[in-house]
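Asker: Quick check, what structure comes out for this input:
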Amino acid sequence: MSITKEQVTNALKQVIFFAKANNIVDLGMVYGIEILNNEIKLEVVFEKLDDPAVGIVSNSIEKTLKTEFGDELSVTIKPIAEKELGRGPLAGVKNIIAVISGKGGVGKSTVAANLAVSLAKIGHSVGILDADIMGPSVPIMFGVEDGQPGVMEREGKPIMIPIENHGIKILSLGFFVKSDQALMWRGSMINNAFNQLMKDAEWGNLDFLVIDMPPGTGDIQLTLAQNYNIKGTVLVTTPQKVAVADVRRAAMMYRQDKLEIPLLGIVENMSYFVPDDMPEKKYFIFGKGSSDELSTELNIPILGRIPMVEKVREGGDNGKPISLDQDNPVSKAFMELAKNISDRV
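Answerer: Numbers count the residues shown, from 1 in each chain. I've put the predicted structure just below:
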């Protein structure tokens, strides 16, 4: 009996990919069909090749085809990752950088926002995703807190279009939650919101997607490490020992066997205070040395030391990150940070 591609395609509509509640043909997962006498060769596209669904779907394909065309049929299945074909919501993103901290209050969001601006200033296409679900501050820092992302439809599914300002594509849960609304969410709800911001968005082609992570080592950190191709993490701390101790714990999470993601280096924020009327003075209000000890311990570099000046706070509050001010010494510190990260990846 000769088998046609149309017959194979119709048979494969019986194979359901349960994660998306549809059959693999309508989902566009069947990339190639080759029929040679009594052998069928298939190329099937998956988001990630280490997904347990690869084995489940492959077994279902083989069982379905043999039921349809006979047990003597030889079935060869080649799984292909979406990224190999330039597919998937993040296929156009070259480098995903996670900005993390062990505790709140160390200026992680400030570093993430100014890093994004500085990467753009040295010629990269950049997006920033505010994953700090409980305390989204990126919209304020970019002056778009009243913005509303656009929506387009792709394959019958609504897709968010990031807001753009200062040359950066921006998405945050803050766009969808009122400023006086408290979020009381459990882990699954948080993960779903994060995955939607990552996957259900038209990020387009980016050199860098900077992710402003929540502090600590919770659900989003695990989801990011397990489900996404992260180029590396940037650890943000202030110089005092208690902050460094917390960021050490966050760093060690990403060095677990199953979660290993490169630690690109450390950013020491609020490294020292510089008075406006005495720019030559440096006051080490939070001490010094602890970040260098951590750098040695983890065998990663200090990527940047960001001074504490009033204009950093003013820029964040006014929606104009200080990195936009080319002549400011803090802007130069962030520019050096961006160059160091660009070189590292």
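
Asker: ok, and the closest non-adjacent residue to E153?
Answerer: Spatial nearest neighbour of E153, chain neighbours left out: I159 (6.9 Å); criterion: C-beta to C-beta, 6 or more residues apart in numbering. In short, each C-beta sits where N, CA and C put it, glycine included.

Asker: same deal with R154?
Answerer: Nearest residue to R154, sequence neighbours excluded (C-beta to C-beta, 6+ apart): E202, at 8.0 Å.

Asker: dump the residue contacts of the one you found.
Answerer: Applying C-beta atoms under 8 Å, 6 or more residues apart in numbering, we find E202 in contact with 89, 152, 154, 159-162.

Asker: For L197, see how far away the residue nearest to E153 is.
Answerer: Computed as C-beta to C-beta, to the nearest Å, the I159 to L197 distance reads 12 Å.

Asker: Between these two, which has more neighbouring residues?
Answerer: Neighbours around I159 and L197, counted as other C-beta atoms under 10 Å, are more numerous at L197. The numbers are 22 against 16.

Asker: Which pLDDT value goes with the more buried one?
Answerer: Looking at L197, its pLDDT reads 88.

Asker: sorry, back to before: shared neighbours, I159 and L197?
Answerer: The contact lists of I159 and L197 share no entry, where a contact means C-beta under 8 Å, 6+ apart.

Asker: returning to what we had before: please flag which of the contacts of E202 sit within strands.
Answerer: When strands are assigned by DSSP state E, the members of the contacts of E202 inside them are 152, 154, 159-161.

Asker: Sketch out the low-pLDDT regions of the stretch 1-150 of the chain for me.
Answerer: Applying pLDDT under 70 to the stretch 1-150 of the chain flags the ranges 1, 86-87.

Asker: all helices of it, in order?
Answerer: For the stretch 1-150 of the chain, the helices defined by DSSP state H, counting those that start in this stretch cover 5-12, 53-69, 108-121, 138-141.

Asker: Show me what the first one packs onto, helices and strands only.
Answerer: Taking 3 or more C-beta pairs under 8 Å, 6 or more residues apart in numbering; DSSP states H and E as the contact definition, the neighbouring helices and strands of helix 5-12 are strand 30-36, helix 53-69.

Asker: And A243, which helix or strand is it part of?
Answerer: Assignment of secondary structure by DSSP states H and E places A243 within helix 241-253.

Asker: Can I get the host helix or strand of V236 in CSV, CA atoms only?
Answerer: In the assignment (DSSP H and E), V236 maps to strand 232-237. The C-alpha trace of strand 232-237 is given here as CSV (Å, rounded to 0.1, in the frame of the first residue of the first chain):
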residue,chain,number,x,y,z
GLY,A,232,23.8,34.9,32.2
THR,A,233,23.0,36.6,35.4
VAL,A,234,24.2,39.9,36.9
LEU,A,235,24.4,40.0,40.7
VAL,A,236,23.5,43.4,42.2
THR,A,237,24.5,44.2,45.8
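
Asker: neighbouring contacts of that strand?
Answerer: Contacts made with strand 232-237 from outside it, assessed by C-beta under 8 Å, 6+ apart, are listed as 97-102, 106-108, 111, 115, 243-244, 246-247, 250-251, 254, 261-269, 290-291, 294, 300, 303, 341, 344-345.

Asker: Would you mind listing the residues in contact with N95?
Answerer: By C-beta under 8 Å, 6+ apart, the contact set of N95 is 207-209, 231, 345.

Asker: so it bridges to which residues?
Answerer: Beta bridges link N95 to F208 when assigned by DSSP bridges.

Asker: Relative to P279, how far out is I285?
Answerer: Using C-beta to C-beta, we find I285 at a distance of 16 Å from P279.

Asker: same question but for K311, I mixed them up
Answerer: Noted for K311: a distance of 12 Å to P279, by C-beta to C-beta.

Asker: which one of the two has more residues nearby?
Answerer: Neighbours around K311 and P279, counted as other C-beta under 10 Å, are more numerous at K311. The numbers are 16 against 11.

Asker: Give me the pLDDT value at the more buried one.
Answerer: According to the prediction, K311 has pLDDT 86.

Asker: Contacts made by the host helix or strand of it with the rest, please.
Answerer: Counting by DSSP H and E, the element that carries K311 is helix 310-317. Helix 310-317 is contacted from outside by 107, 109-110, 113, 137, 140-141, 276, 306, 321-322, 324-325, 328, 330, using C-beta under 8 Å, 6+ apart.

Asker: redo that, cut-off 7 Å
Answerer: Residues outside helix 310-317 that contact it (C-beta atoms under 7 Å, 6 or more residues apart in numbering) are 110, 141, 276, 321-322, 328, 330.

Asker: Pull out the buried members of these.
Answerer: Among the contacts of helix 310-317, those classed as buried by 16 or more other C-beta atoms under 10 Å are 110, 141, 321-322, 328, 330.

Asker: Which members of these are the farthest-apart pair?
Answerer: Checking the buried ones among the contacts of helix 310-317 against each other with C-beta to C-beta, the farthest-apart pair comes out as M141 and N328, at 15.9 Å.

Asker: Can you show me the strands along the stretch 201-345 of the chain?
Answerer: Under the criterion DSSP state E, counting those that start in this stretch, the stretch 201-345 of the chain carries strands at the ranges 206-212, 232-237, 263-273, 302-308.

Asker: name the helices or strands packed onto the last one?
Answerer: Pointing back at strand 302-308 there. strand 263-273, helix 290-298, helix 329-344 (3 or more C-beta pairs under 7 Å, 6 or more residues apart in numbering; DSSP states H and E).
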